[in-house]
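1. sequence below, structure please.
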Amino acid sequence: MRGLFFRAFGGPDVLKFGELPDPVERPGCAIVKMHAIGLNFADVYRRRGSYHLAGNPPWILGYEGAGTVESIAPPLEAAGAVAPAAWTFSVGDRVAFADAPFANAERVSVPLERLVPVPAELDLDTAAAVLLQGLTAQYLIRDSHRLQSGEVALVHAAAGGVGLLLVQLARSAGARVIGLTSNESKRLAALEAGADTVLLYGADWLEGVRAATSGRGVDVAFDSVGSTLATSLAATRIGGHAVFFGMAGGDPEPIDPRLLMDGSKSLTGGD
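-> Residues are numbered from 1 along each chain as shown. Down below sits the predicted model:
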């Protein structure tokens, strides 16, 4: 099969397209013939060497995609790791998955419990793009910070894939949302998704956040930019919470824990 791989860390030029060994059938997994593959910042981080990679090169990126089931190897009866309902798939089924490695190839071995059936009315391109971002947005407001009705949330990159979903989920939870975007067209997209206020990077957005909260600050800041983390903490209220889950704008500066103590604030990482 053909696939996208790299042997050394670096920019996009390290990526190569060529022949790779076919995936090996494993009990409790399906071989999925790929139709579309999601591209996420995590793939960029891994290619750059910012994230740890196990094993030896060549490395294959990709943790999300959609396609059709080519073959199925039922789980070993003794293993008991997969519930019966999780492997009632058939050859030819349209499926999507997230958090299964080596997706940047024509065929991928995917654990059956990671497969999601794709309804007929949903195209495979959309299915490949939504799962990892949707799961990220979901854990941010359910696990990293259990968002409550009436809280004020600051969402970085509010017009991005995770950002737009996060805005909608936060609003559905009853929170007030302040978004941050890089330009006017993205600002309008975040507003259309339901953000109450959207500020632009480049201006003094910290002052904008303070003004929008009457000087109080937000209850929680969801920061996927990284280089903005210290300012995100400054934008939270006394007793507030910052959730760090990405480095799209570069690595954050080290945080002095005394800043957390002085404002009774907390900092959480999410993955």
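2. for the rest of this, base every contact and every neighbour count on C-alpha atoms.
-> OK.
3. hey, where'd the helices end up in the stretch 1-150 of the chain?
-> Taking DSSP state H, counting those that start in this stretch, the helices of the stretch 1-150 of the chain run over residues 41-48, 124-139.
4. need those helices in TSV (columns: mean neighbour count, distance to Pro58 and mean pLDDT).
-> Below are the helices of the stretch 1-150 of the chain laid out as TSV (neighbours: other CA atoms under 10 Å; distance: least, CA to CA, whole Å; pLDDT from 0 to 100):
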stretch	mean neighbour count	distance to Pro58	mean pLDDT
helix 41-48	17	11	86
helix 124-139	19	24	94
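5. could I get those as a markdown table with distance to Phe17?
-> Shown next, in a markdown table, are the helices of the stretch 1-150 of the chain (distance: least, CA to CA, whole Å):
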| stretch | distance to Phe17 |
| --- | --- |
| helix 41-48 | 14 |
| helix 124-139 | 20 |
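6. for Ser232, what are its contacts?
-> Residues in contact with Ser232 (CA atoms under 8 Å, 6 or more residues apart in numbering) are Leu206, Ala221, Asp223, Ala242.
7. by neighbours, which of the residues you listed wins?
-> When neighbours are counted by other CA atoms under 10 Å, Ala221 leads those with 30 neighbours.
8. what's the helix or strand for it?
-> Using DSSP states H and E, Ala221 sits within strand 218-223.
9. what about that strand, average pLDDT?
-> Mean per-residue pLDDT for strand 218-223: 98.
10. and it, which strands flank it?
-> strand 152-155 (parallel), strand 236-244 (parallel) (DSSP bridges).
11. can you verify my assumption that Val14 contacts Ala8?
-> Yes - assessed by CA atoms under 8 Å, Val14 is found in contact with Ala8 at 6.6 Å.
12. helices and strands of this structure: which one bottoms out on pLDDT?
-> helix 41-48 (a mean of 86; mean pLDDT, DSSP states H and E).
13. what's the nearest residue to Leu206 if we skip its chain neighbours?
-> Ala235 (6.0 Å; CA to CA, 6 or more residues apart in numbering).
14. my bad, Asp99
-> Distances taken as CA to CA, 6+ apart put Tyr63 closest to Asp99, at 5.0 Å, once the chain neighbours are dropped.
15. hang on, Val209 in a helix?
-> Yes - using DSSP: H, G, I helix; E, B strand; the rest coil, the assignment for Val209 is a helix.
16. residues in contact with it?
-> Residues near Val209 by CA under 8 Å, 6+ apart: Ile178, Gly217, Val218, Ala235.
17. of those, closest to Gln138?
-> Top of the list for closeness to Gln138, among those and by CA to CA, is Ile178 at 17.8 Å.
18. beta partners for the closest one?
-> With DSSP bridges as the rule, Ile178 is bridged to Leu154, Thr197.
19. picking that back up, which among the contacts of Val209 gets closest to Glu151?
-> Distances from Glu151 to the contacts of Val209, taken by CA to CA, are shortest for Val218, at 7.8 Å.
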